[in-house]
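Undergrad: this is the structure alone, sequence omitted:
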């Protein structure tokens, strides 16, 4: 029984080894050689392919660059405020970052409630320094990248915010 190339590809994709006859192999290799001879001598106009995996931060950085390029082409030349222009502005956690830090965020919400802070305060923003504002908690790094010293400083900031709220 001989399989078509499509059937062989489907079976191989499913992880099933497919044996082909010697004649079919020789025929396929001859066809491949003709295709290679007709191509542009193996030149790769795109450049070498990088085989290392791309990290999530690199993907997000590239996505942000592409969005900025598209927005600059679509909109009129209005000045947009950037993170460096406004020290009060930070970068809120993305949905994926919230999902990755769900347990940490749950613990933080519980801690805020326990010390008497509003659970709506648990609006995490990535900023340049660690501080607790009236409407957000600003962290210098992603929650899972905080050092033990930064977590301790966060706890002290939450306690002092709850104490100042109690005196106000």
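TA: Great, that's in hand. The structure presented is a predicted model; accordingly, all values stated were derived computationally and were not measured.

Undergrad: list the contacts for residue 138?
TA: By CB atoms under 8 Å, 6 or more residues apart in numbering, residue 138 lies in contact with 90, 125, 126, 127, 129, 130, 131, 132. C-beta coordinates here come from the backbone N, C-alpha and C atoms, glycine included.

Undergrad: show me which of those are buried.
TA: 90, 125, 126, 127, 130, 131, 132 (16 or more other CB atoms under 10 Å).

Undergrad: let's see which of these end up in strands.
TA: Members of the buried ones among the contacts of residue 138 lying in strands (criterion: DSSP state E): 125, 126, 131, 132.

Undergrad: ok, the third one touching residue 157?
TA: Yes - under the criterion of CB atoms under 8 Å, residue 131 is in contact with residue 157, at a separation of 6.4 Å.

Undergrad: what sits closest to the residue most central in space within the chain if chain neighbours are left out?
TA: The residue lying closest to the centre of the chain (CA atoms, centre = their mean) is residue 56, at 3.7 Å. Of all residues not flanking residue 56 in the chain, residue 96 sits nearest, at 7.8 Å (CB to CB, 6 or more residues apart in numbering).

Undergrad: contact partners of stretch 57-65?
TA: By CB under 8 Å, 6+ apart, the surrounding residues in contact with stretch 57-65 are residue 94.

Undergrad: what do you get if the cut-off is 10 Å, keeping everything else the same?
TA: Residues outside stretch 57-65 that contact it (CB atoms under 10 Å, 6 or more residues apart in numbering): 54, 55, 91, 94, 96, 97, 142.

Undergrad: can you tell me the element the residue lying farthest from the centre of the chain falls in?
TA: The C-alpha centroid of the chain is most remote from residue 23, which lies 48.2 Å away (CA atoms, centre = their mean). Using DSSP states H and E, the element containing residue 23 is helix 22-38.

Undergrad: count of residues packed around residue 152?
TA: 11 (other CB atoms under 10 Å).

Undergrad: that one and residue 146: what is the separation?
TA: Distance of residue 152 to residue 146, given as CB to CB, to the nearest Å: 10 Å.

Undergrad: what does residue 30 give?
TA: Residue 30 is 61 Å from residue 146, by CB to CB.

Undergrad: who's more crowded, those two?
TA: residue 146 (17 against 10).

Undergrad: who touches residue 151 in this structure?
TA: Contacts of residue 151 (CB under 10 Å, 6+ apart): 104, 130, 139, 143.
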